[in-house]
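> sharing a model that was predicted from the sequence below.
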Amino acid sequence: MAAPRRILLAALMLLLAAGAFAQKPETLNRDEIPGEYKWNLSDIYEDWETWEADKAEIESLMEQLKTFKGRLAEGPDVLADMYLVSEKLGMLAERWASYVWLQAVVDQKNQELKAKQQEMQILFARFSQAMAWVDPEILNTIPEKTMQAWLKENDVLGEREFKIMELYRQQEHVLDEDGEYLLSLSSQLRGNPSNTYSSLSTADVEFPEVVLANGDTVKATHGTYAASKETYRNQEDRKKVFKAHFSTFDDFENTYASILDGMLQSNWYMTQAREYESSAQMHLDDNNIPVEVMANMIETAKAGVEPLRRFNQIRKQVLGLERYRYFDMYIPLVEIEWPFYYDNLKPNILSSLEPFGGDYVGKAKRAFEEGWFDVYEAEGKRSGAFSSGVYGVHPYMMLNHADTMNDAFTLAHELGHTMHTVLSDETQPYHSKQYSIFVAEIASTMGEHFFLDYLLETTDDPDKRIALLEHAINTIHGTFYRQLMFADFEYKMHKAVQNGQPITAQTLQQMYLESLNAFFGDSLDDQDWYRNTWARIPHFQRPFYVYQYATSIAASSLIYDRITNEQKYSENERKQALDDYLTLLSSGGDDYPMEQCRKAGVDFTTPVPGEAMVARMTELVDKLEAELEKKGMLGG
């Protein structure tokens with residue numbers, strides 16, 4: 001299998017060498033970036049006039065929904081009709097909002113878009129209020145036994161059995177109609193911390209410039225900081241960019257602390273209103289996840305930090321550094337010319353997906369050809385990357401591609417998210433299309449596994465192989481250990497609010513540094529420099545999100561092993577594992593996520609997934625150590 005792929009890659013590279021490479025544009029002016037590298041939102045709406053027309057339809061549907069109020073107990077047909085109207089409303093509102101949001105995230109300084117975002121938020125607040133009465137009326141007027149009979153009588157209700165019975169499971173946390181209405185009125189207030197954070201960290205920020213050792217002047221943007229960690233061989237240059245970039249957070253640490261406190265207090269308010277014991281329980285209960293699953297995963301990672309710390313110590317020795325800091329973790333151990341230009345990645349990514357079959361690859365190919373990507377960094381564009389689905393259209397992916405290896409794997413990662421959404425949306429009706437965050441990172445990290453395999457199979461270059469092994473280790477570090485370190489910090493700060501402790505920049509710094517040291521110990525120097533890293537992490541505005549990166553990569557690693565390990569599994573078992581995996585991606589939100597994982601061979605009621613991830617980390621660090629010793633880069 002490897003030899004034909006190597007031949008294919010060699011031929012491809014010869015073709016590419018004959019033409020010009022499509023490098024990252026020099027400009028940060030979005031208008032100067034070619035249209036082929038910007039997403040095509042006309043698939044959602046042709047123009048703003050069409051968008052306005054759908055706003056009128058949304059308002060009409062909200063009025064229609066009111067006609068069901070007080071009537072749901074009349075019979076199964078009335079309830080079924082209400083669900084059909086509310087789902088049509090939800091689907092249209094999602095599409096309507098996506099058109100604004102996807103434009104706003106790539107142009108956050110655009111005041112007209114900000115105004116439309118506010119318009120969107122007002123409408124969604126009304127939507128929330130329009131729906132506030134539904135769940136209380138169902139629970140207060142339709143006994144559970146009656147509902148079970150209706151599910152058998154009415155096909156529309158029967159198709160929604162999981163969703164409806166989930167409502168009864170959470171009945172004790174649903175308020176009466178007046179209570180739910182009051183909570184709905186707070187939706188804009190609860191979203192304000194996140195909006196303020198976005199404005200401060202992206203739209204209003206002025207990143208300083210620094211002069212590098214070679215005399216070049218660069219602006220310490222999100223993209224430059226990310227690139228500096230991977231491409232600046234001079235440690236002093238990495239330090240300058242780090243210090244300049246983080247100065248924008250250090251200078252406003254009290255403001256960022258206030259924003260985060262607003263989110264924490266909002267969540268504690270909702271926790272108490274819904275009579276949960278903790279904010280963690282409230283957020284995890286949405287997917288019927290016991291808090292112990294998260295807490296145990298954090299402790300499993302803390303107990304398994306030996307390979308992580310050993311990796312840092314190996315890096316410090318190979319790089320010849322006296323002090324090893326966080327911005328030193330990503331600079332490659334071997335210096336090679338291996339840029340990953342976006343246009344050149346397309347055939348490689350698609351080839352890596354061949355084990356999933358031609359239909360899967362064909363769907364992925366559409367993403368590259370039909371304007372699903374927004375590729376390059378620009379002024380006012382949000383940092384990072386994401387994939388966002390629009391039901392009835394297709395997903396959209398935002399990148400900030402800077403031609404690095406990490407950017408290449410980010411592309412594979414986000415395409416995995418997209419394929420999960422595509423398969424779910426194709427298979428599931430609107431009411432069950434939304435998969436939970438708990439499983440959301442399985443397809444994305446699976447994409448990275450297979451892209452790594454493809455690259456390892458297509459090169460014998462020892463330096464490139466070291467670089468790839470190092471990247472795989474960094475992925476586990478970033479997705480398993482780092483996210484669980486964030487989860488440890490997040491768990492503590494929510495507990496602090498619940499215990500009535502004040503939230504200040506100083507208390508957040510102390511909690512963050514405690515978590516940092518628990519994971520990295522003496523393998524990381526000058527830890528106080530990272531005291532405000534929490535201010536740079538937007539995911540903290542989405543409570544108890546980050547730990548699910550770790551559950552997902554642990555799950556994907558076990559599933560990947562079942563699909564590919566020819567020594568442990570027969571051909572039929574591997575094929576069944578692949579079928580089970582594709583079934584998982586197609587199942588959307590039709591079951592509890594832990595049950596979906598169990599059907600795919602991953603049981604989170606045991607420590608096995610976390611322990612398997614630690615074992616995989618140990619295996620990769622051992623292999624990297626051996627490769628470095630062969631090259632004489634690591635002394636005894």
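Alright, I've got the coordinates.
> got any ranges where this protein has weak pLDDT?
Where the chain drops to pLDDT under 70, the residues are 1-22, 636.
> residue most distant from the centroid, it?
For the chain, the largest distance from the centre (Cα atoms, centre = their mean) belongs to residue 74, which lies 42.4 Å off.
> please tell me how far that residue sits from residue 151.
16 Å (Cβ to Cβ, to the nearest Å). In this view, the C-beta of every residue, glycine as well, is placed from N, C-alpha and C.
> again, but for residue 312
55 Å.
> neighbour count: the two, which is higher?
residue 312 (21 against 18; other Cβ atoms under 10 Å).
> name the SS class of that one, please.
helix (DSSP: H, G, I helix; E, B strand; the rest coil).
> any idea how many residues pack against the nearest residue to it once chain neighbours are set aside?
In this structure, residue 312 finds its nearest non-sequential neighbour in residue 523, 3.8 Å apart by Cβ to Cβ, 6 or more residues apart in numbering. If you count neighbours by other Cβ under 10 Å, residue 523 ends up with 18.
> what about the helices in the stretch 201-350 of the chain?
Ranges of helices within the stretch 201-350 of the chain are 222-231, 235-250, 253-273, 279-285, 291-303, 306-319, 342-352, based on DSSP state H, counting those that start in this stretch.
> okay, those in JSON lines with distance to residue 480 next?
As requested, the helices of the stretch 201-350 of the chain are exported to JSON lines (distance: least, Cβ to Cβ, whole Å):
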{"stretch": "helix 222-231", "distance to residue 480": "19"}
{"stretch": "helix 235-250", "distance to residue 480": "23"}
{"stretch": "helix 253-273", "distance to residue 480": "24"}
{"stretch": "helix 279-285", "distance to residue 480": "19"}
{"stretch": "helix 291-303", "distance to residue 480": "7"}
{"stretch": "helix 306-319", "distance to residue 480": "9"}
{"stretch": "helix 342-352", "distance to residue 480": "22"}
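> and these: which comes nearest residue 184?
Of all those, helix 253-273 sits nearest to residue 184, with 11.6 Å by Cβ to Cβ.
> got the contact list for the closest residue to residue 249 other than its chain neighbours?
Distances taken as Cβ to Cβ, 6+ apart place residue 535 nearest to residue 249, at 4.3 Å, with adjacent residues excluded. If you count contacts by Cβ atoms under 8 Å, 6 or more residues apart in numbering, residue 535 has them with 201, 249, 252, 253, 256, 257, 260.
> I'd say the last one and residue 537 touch.
No - in this structure residue 260 lies outside contact range of residue 537 using Cβ atoms under 8 Å: 9.8 Å.
> between these two, tell me which one has more neighbours.
Set residue 260 next to residue 537 and count neighbours by other Cβ under 10 Å: residue 260 wins out with 21 against 15.
> against residue 249, how distant is that one?
For residue 260, the distance to residue 249 - Cβ to Cβ - is 12 Å.
> one more: residue 72?
49 Å.
> buried ones in whichever helix or strand residue 410 is part of?
According to DSSP states H and E, residue 410 maps onto helix 405-427. For helix 405-427, the neighbour count (16 or more other Cβ atoms under 10 Å) marks 405-425, 427 as buried.
> now do stretch 204-212
207, 210, 212.
> the first one against residue 218, yeah?
In this case it means residue 207. No - here residue 207 lies out of contact with residue 218, judged by Cβ under 8 Å, at a distance of 9.6 Å.
> what residues of the biggest helix by length in the chain count as buried?
For the chain, the helix with the greatest residue count under DSSP state H is helix 76-104. Buried residues in helix 76-104, counted by 16+ other Cβ under 10 Å: 76, 79-83, 85-86, 88-100, 102-104.
> residues contacting the nearest residue to residue 560 once chain neighbours are set aside?
Using Cβ to Cβ, 6+ apart and skipping the chain neighbours, the partner closest in space to residue 560 is residue 449 (4.7 Å). Residue 449 sits next to 556, 557, 560 when contact means Cβ under 8 Å, 6+ apart.
> and the last one, how far from residue 452?
In this structure, residue 560 and residue 452 are 10 Å apart, going by Cβ to Cβ.
> so what's the residue count around residue 218?
Residue 218, neighbours per other Cβ under 10 Å, totals 20.
> what of residue 142?
17.
> which residues sit in contact with it?
72, 73, 79, 150.
> which one is the last one nearest to, not counting chain neighbours?
Going back to what we said before, that points to residue 150. That would be residue 76: by Cβ to Cβ, 6+ apart, it lies 3.9 Å from residue 150.
> my guess is that neighbour meets residue 154, correct?
Yes - between residue 76 and residue 154 there is a contact under Cβ under 8 Å: 3.9 Å.
> what's the distance between residue 550 and residue 106?
Taking Cβ to Cβ, one finds residue 550 at 29 Å from residue 106.
> more neighbours: which of those two?
More crowded of residue 550 and residue 106, by other Cβ under 10 Å: residue 550, with 28 against 19.
> quick one, the helix or strand harbouring the more buried one and helix 405-427 angle?
Using DSSP H and E, residue 550 sits within helix 547-564. Here helix 547-564 points in a direction 80 degrees away from that of helix 405-427 (axes from the mean of the first three to the mean of the last three Cα atoms, to 10 degrees).
> tell me the helix or strand right after helix 547-564.
helix 571-586.
> now that next one, how far from the centre of its chain.
23 Å (Cα atoms, centre = their mean, to the nearest Å).
> check which residues of the next helix or strand after it are buried.
Sequence-wise, the next helix or strand downstream of helix 571-586 (DSSP H and E) is helix 593-599. Under the neighbour-count criterion of 16+ other Cβ under 10 Å, helix 593-599 has 593, 594, 596, 597 buried.
> pick out the most distant pair among the residues you listed.
The largest separation in the buried residues of helix 593-599, counting by Cβ to Cβ, is between 594 and 596 at 7.3 Å.
> related to what we said a few turns ago, which of the contacts of residue 449 tops the neighbour count?
residue 556 leads those on contacts (other Cβ under 10 Å) with 27 neighbours.
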